[in-house]
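**Q** Attaching a predicted model along with its sequence, questions to come.
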Amino acid sequence: MEGYEPPSYGEAMADVYDEWYADLTDVSATVAAVTRLAAGGRVLELGTGTGRLAIPLAEAGLDVSGIDVSPAMVARLRAKPGGDRVAVVVGDMARAEDLPPGPFAVVLVAFNTFFGLTTAQDQARCFAAVADRLAADGSFVVEGFVPDDELIEAGSRVEVRSLTAHRVVLTVSRHDAVAQRADGQFVELTEEGGVRLRPWSLRYAPPDELDAMAAAAGLVLAERWSAWDGTPFTASSAHHVSRYRRVGPGPA
């Protein structure tokens with residue numbers, strides 16, 4: 001999408017993110033799973049946003065670091081009660097030099113955030129950067145949707161995201177099945193505020209492609225669920241939570 005930059009989504013969405021995505025996934029199940037995997041070790045969340053997961057993880061007693069490419073998202077996280085417990089930095093999760101120093105027992109990237117890296121090269125670089133930050137027995141946990149035939153059908157779409165007497169939010173999107181890209185805008189229309197555009201862009205990948213990226217970075221798939229509560233992953237699962245582990249020793 002012309003003019004779209006890595007911070008574009010977060011900068012446009014920070015003011016409504018908590019309202020729009022308050023019930024996105026099961027936070028309690030996520031915290032329980034990460035706590036179990038971390039076993040007292042340090043945790044790094046990629047794409048913290050406004051702290052939907054990072055703050056509850058820290059409140060559970062975990063040592064949590066985070067990174068997000070959007071200054072507006074990071075500012076909102078820091079301003080929240082408990083935000084000071086998260087050692088969050090502004091940076092690009094595909095750039096090894098931007099990631100906080102390891103080692104980490106768990107690195108997680110939740111609910112499609114990994115697909116916000118809009119090229120296969122950046123996604124592969126992210127896997128490599130994370131591998132360098134993992135402890136010897138550490139886990140990289142990636143949550144994402146499983147692309148299906150309806151999603152990957154090429155073309156343009158206009159859909160109603162929400163509709164009230166005073167506000168309409170449309171989702172306008174364009175899909176490229178060859179590039180595995182979906183680009184779009186949330187178009188918010190109100191009488192008081194006029195038109196507000198909130199752009200987004202994804203480069204989606206099926207689980208087997210993520211597995212190949214992991215292998216290239218020296219990681220192997222340890223287990224895959226369809227949700228954070230450990231529900232088994234099947235051929236009909238629409239989402240996955242994939243845990244990768246290191247092969248060999250971690251960083252010194």
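**A** Great, that's in hand.

**Q** For R246, report the pLDDT, please.
**A** Here the pLDDT value assigned to R246 is 85.

**Q** That one reaches R133, doesn't it?
**A** No. In this structure R246 lies outside contact range of R133 using C-beta atoms under 8 Å: 10.2 Å. For the C-beta atoms, the positions are set from N, CA and C on the backbone; glycine is no exception.

**Q** For V158, list the residues it contacts.
**A** Residues in contact with V158 (C-beta atoms under 8 Å, 6 or more residues apart in numbering) are L170, T171, V172.

**Q** do you know how far the last one is from E188?
**A** Translated: V172. 11 Å (C-beta to C-beta, to the nearest Å).

**Q** for the second one, same thing?
**A** Taking C-beta to C-beta as the measure, T171 and E188 are separated by 11 Å.

**Q** what's the overlap in contacts for the two?
**A** In contact with both T171 and E188: no residue, using C-beta under 8 Å, 6+ apart.

**Q** Poorly predicted segments of the chain, please.
**A** 150-152, 248-252 (pLDDT under 70).

**Q** pull the longest helix from it.
**A** helix 120-133 (DSSP state H).

**Q** In terms of secondary structure, what does it contact?
**A** If you count contacts as 3 or more C-beta pairs under 8 Å, 6 or more residues apart in numbering; DSSP states H and E, helix 120-133 packs onto strand 43-46, strand 104-109, strand 134-145, helix 207-216.

**Q** Kindly reformat the ones you listed as CSV and extend each row with distance to D122 and mean neighbour count.
**A** Formatted as CSV, the helices and strands packed on helix 120-133 follow (distance: least, C-beta to C-beta, whole Å; neighbours: other C-beta atoms under 10 Å):
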stretch, distance to D122, mean neighbour count
strand 43-46, 12, 28
strand 104-109, 13, 26
strand 134-145, 14, 21
helix 207-216, 11, 16
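
**Q** TSV please, covering these and showing distance to S70.
**A** Listed next are these as TSV, based on distance: least, C-beta to C-beta, whole Å:
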stretch	distance to S70
strand 43-46	13
strand 104-109	15
strand 134-145	19
helix 207-216	23
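
**Q** So for E11, which of the ones you listed sits nearest?
**A** Nearest to E11, of all the helices and strands packed on helix 120-133, is strand 43-46, at 17.6 Å by C-beta to C-beta.
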